[in-house]
Structures are given as C-alpha cells and as structure tokens.
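In: Quick one: sequence and predicted model below, then my questions.
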Amino acid sequence: MATMKEIAALSGVSRGTVDRVLNHRGSVNPDTAARVMMIAEKLNYQPNKAGLILAAQKKNLKIGVVLFQDTNPFFQDVLKGVYAKADELSGYNCQVLVRQVPFDENCQKKVIQKLEQEGVHGLVISPFNAPSIAAEINRLSEKNIPTITTNTDILSRRIAYVGSNYFLSGQTAAGLLGRMTFGPVIVGIITGSSHVLCHTDRIAGFQETIRNYYPNVKILEDIVENHDNDEESFLTVKKFLTKHPECNALYFAAAGVYGGCRAVLSLGLSEKIKIFTYDSVDTTAELIRQGVITATICQQPFQQGYRPVELLSRYLLEGIMPEAELQYVNIDIRIRENI
C-alpha cells in the first residue's frame with residue numbers, strides 16, 4: 001500500500017505538502033496539487049482509517065445543513081435522513097448543525113454566514129436560486145469550505161448535487177397527464193417559487209413534453225405560486241379555478257398540495273379535475289386513496305438528507321470526491337393501487 005512518504009518522493013515535494021493536498025488543508029500551488037493527486041491515484045493511495053478517525057476526533061468536524069422550513073412536510077423526511085447520518089458521524093466527533101429557513105434570499109444568506117462564523121468545515125444546502133446565494137457558495141469554496149446542494153440545485157462551485165432530475169420528473173408528470181386524461185385538456189400549473197430551480201426545471205420539462213407530444217393538452221399561461229404553504233395554496237388555487245372554470249387538470253410542481261386539493265373539493269370540482277403531484281407525504285397519500293389525486297411522483301426524501309451529508313463527510317474526512325457531480329435519486333410513480 002502506498003504511503004505519503006512514497007508519494008512525496010515521487011512528487012518531489014515534502015510529506016507535509018502531500019498531507020495538505022490529500023487532506024485539503026491549507027493552500028498548495030495548483031500544479032503541485034494536481035501532480036500529487038495524479039501520483040496518489042496511480043499508486044492507489046488509501047487513507048489509514050484508524051488515523052482518519054483519530055484526526056477527525058481531534059478536528060471536531062462541523063457540517064452545516066440548510067433546508068427550507070418544513071411547512072412542506074417533504075422536508076421532515078429529508079431531516080430524518082440528515083439526522084440518521086449525523087448519528088453515524090457522532091462517533092467521529094463530527095457535529096451536524098441543521099438550520100431551516102423560509103423561502104427568503106436574505107434569510108438564507110444570513111444563515112450561511114452565521115454557520116461560517118460557527119466554524120463549519122462544509123455545507124449541505126437546498127439553495128434559494130439567486131445570484132447572492134451562488135456568490136456565498138463560491139466564496140466558501142475559495143475558503144476551502146465545500147458545498148453539496150440537495151433537493152434543488154444552483155449554478156455555483158458546489159462539488160455535487162443530490163436530488164431528483166427535475167427536468168425528467170417534469171417530463172414524467174407530462175407523460176402521466178397525457179396518458180391518464182382523455183379529450184381536450186386544459187391544465188393549470190401550481191408551483192412553489194420561481195426562485196427554486198427544481199420547481200422551474202419541473203415546469204420546463206412538463207411544458208416541453210406537453211408541447212412535443214400532447215397536442216390535445218393546453219397549458220394555461222398564468223402560473224400560480226404558493227411558496228409550499230397549504231393555506232396560501234388553498235386561497236390561490238381557489239382564486240385560480242374561479243378565474244379559469246374551463247380548467248380540468250392541475251399540475252402541482254411543488255408542495256402546497258393539501259391546501260390546493262382542499263380548494264378543489266370546496267368548489268365541488270374533484271370529479272372534473274385530474275390532479276398530478278409530487279411526493280407521498282401522509283396527506284397526499286390519503287388524497288390519492290380517496291381518488292382526489294390521480295398520480296404522484298416520489299423522489300426519495302430520506303436519501304436527499306442522508307446522502308449529501310455522507311458524501312460531504314467522506315470528502316472532508318478522507319479527501320474522496322463524489323464519484324459523480326450529479327447524484328440523481330430514482331423516480332417512483334404512485335397511484336391509488338400502489339400507494
């Protein structure tokens with residue numbers, strides 16, 4: 001098995017430089033770092049596990065996790081995954097600091113900065129899709145504080161993303177709607193926020209597929225935002241359906257499903273309107289059993305909490321980069337017969 005001493009000799013640098021490169025501690029000339037990593041890979045260098053545990057315990061590793069507030073019950077299952085991995089890491093003297101914020105750019109920015117002040121070594125985040133949040137992730141990267149995005153992504157220097165392929169899931173929703181409706185269809189889109197990339201990607205995939213393959217389906221132009229809030233969703237969907245009595249299908253690209261379905265029921269339209277959603281939280285599952293929701297697409301929320309913390313901890317403890325930049329979870333379609 002290769003040692004740091006052997007890598008140092010072949011690289012023409014000190015053992016201390018090799019240690020800094022392999023364990024991502026301190027700055028090293030990029031060309032030198034690349035040479036060291038190339039030699040380490042050729043020699044199939046494997047870190048000493050016992051040494052890693054000891055080093056981690058001395059380091060008091062801290063990982064920050066920033067998620068949206070669980071007014072969307074989906075994030076309750078994401079949190080279960082986060083805490084499951086946090087429990088495993090506790091033996092390494094590794095803390096996982098969880099913060100939940102509303103759909104607000106400034107709130108999220110302040111929480112990121114506060115976690116930095118608390119000394120986090122890495123960040124897992126469901127990012128608000130805004131330039132200022134991308135700038136924060138990039139700034140942390142420059143300070144050797146890596147970020148992994150989860151559930152939704154952002155164009156930035158994050159090292160990986162864990163979550164659904166949202167464009168594909170939007171296409172899948174369009175395929176379900178196209179195959180499970182008949183005759184002329186007029187569909188309204190209900191989303192969470194135009195500042196969340198996963199929501200906009202779902203809509204883009206949905207619109208493209210409807211346009212290309214389902215000429216009998218017309219998408220209404222005005223898209224309703226409910227900020228993943230059931231009470232807001234009830235009011236906005238009720239107003240939307242009153243404005244568009246011709247609507248006979250709804251596509252929920254985010255949460256707020258329970259509130260939106262309450263609006264449909266309150267107007268006596270559940271027999272007329274086909275509804276397509278995401279996730280299988282308890283209220284959604286019950287509405288599927290009742291026949292109010294036609295189909296839902298699930299996206300493994302536990303894994304969206306567990307996996308990013310696992311990948312980031314491996315990177316921080318062992319210097320192992322995620323094998324793939326895009327870590328997609330499986331798409332799982334549920335209807336009344338299999339919910």
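Out: Arrived safely, thanks for sending. What you are looking at is a predicted structure, and each value in this text was computed from that prediction instead of being measured. Residues are numbered from 1 along each chain as shown.
In: Can you give me the distance of the most centrally placed residue in the chain to Thr236?
Out: Using C-alpha atoms, centre = their mean, the residue of the chain that lies closest to the mean C-alpha position is Asn151, 1.2 Å off. As judged by C-beta to C-beta, to the nearest Å, Asn151 and Thr236 stand 23 Å apart. For every residue, glycine as well, the C-beta is placed using N, CA and C.
In: and what of Gly81?
Out: The value you get for Gly81 to Thr236, if C-beta to C-beta is used, is 30 Å.
In: now do Ser90
Out: 42 Å.
In: and those two? which has more neighbours close in?
Out: Thr236 (20 against 11; other C-beta atoms under 10 Å).
In: Now that one: closest residue in space, sequence neighbours ignored.
Out: Leaving aside its sequence neighbours, Thr236 sits nearest to Val224 (C-beta to C-beta, 6 or more residues apart in numbering; 4.9 Å).
In: give me every residue that touches the one you found.
Out: By C-beta atoms under 8 Å, 6 or more residues apart in numbering, Val224 lies in contact with Gly188, Ile189, Ile190, Thr191, Thr236, Val237, Phe240.
In: from the residues you listed, which ones fall inside helices?
Out: Thr236, Val237, Phe240 (DSSP state H).
In: Pipe these into a markdown table and attach distance to Lys272 and pLDDT per row.
Out: Putting these into a markdown table (distance: C-beta to C-beta, whole Å; pLDDT from 0 to 100) gives the following:
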| residue | distance to Lys272 | pLDDT |
| --- | --- | --- |
| Thr236 | 19 | 98 |
| Val237 | 14 | 98 |
| Phe240 | 14 | 98 |
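In: now these in JSON lines, with distance to Phe302?
Out: As requested, the ones in helices among the contacts of Val224 are exported to JSON lines (distance: C-beta to C-beta, whole Å):
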{"residue": "Thr236", "distance to Phe302": "30"}
{"residue": "Val237", "distance to Phe302": "29"}
{"residue": "Phe240", "distance to Phe302": "33"}
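In: circling back: what pLDDT is listed against the residue nearest to Thr236?
Out: Val224 is assigned 96 on the pLDDT scale.
In: Which parts of this structure are helices?
Out: All helices of the chain, identified by DSSP H, fall at 4-11, 15-22, 30-42, 49-59, 74-89, 105-117, 131-142, 166-180, 197-213, 230-243, 257-266, 282-289, 301-318.
In: Can you add distance to Leu220 and give the ones you listed back as JSON lines?
Out: What follows is the helices of the chain, written out as JSON lines (distance: least, C-beta to C-beta, whole Å):
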{"stretch": "helix 4-11", "distance to Leu220": "61"}
{"stretch": "helix 15-22", "distance to Leu220": "55"}
{"stretch": "helix 30-42", "distance to Leu220": "51"}
{"stretch": "helix 49-59", "distance to Leu220": "53"}
{"stretch": "helix 74-89", "distance to Leu220": "25"}
{"stretch": "helix 105-117", "distance to Leu220": "28"}
{"stretch": "helix 131-142", "distance to Leu220": "30"}
{"stretch": "helix 166-180", "distance to Leu220": "13"}
{"stretch": "helix 197-213", "distance to Leu220": "11"}
{"stretch": "helix 230-243", "distance to Leu220": "8"}
{"stretch": "helix 257-266", "distance to Leu220": "15"}
{"stretch": "helix 282-289", "distance to Leu220": "22"}
{"stretch": "helix 301-318", "distance to Leu220": "29"}
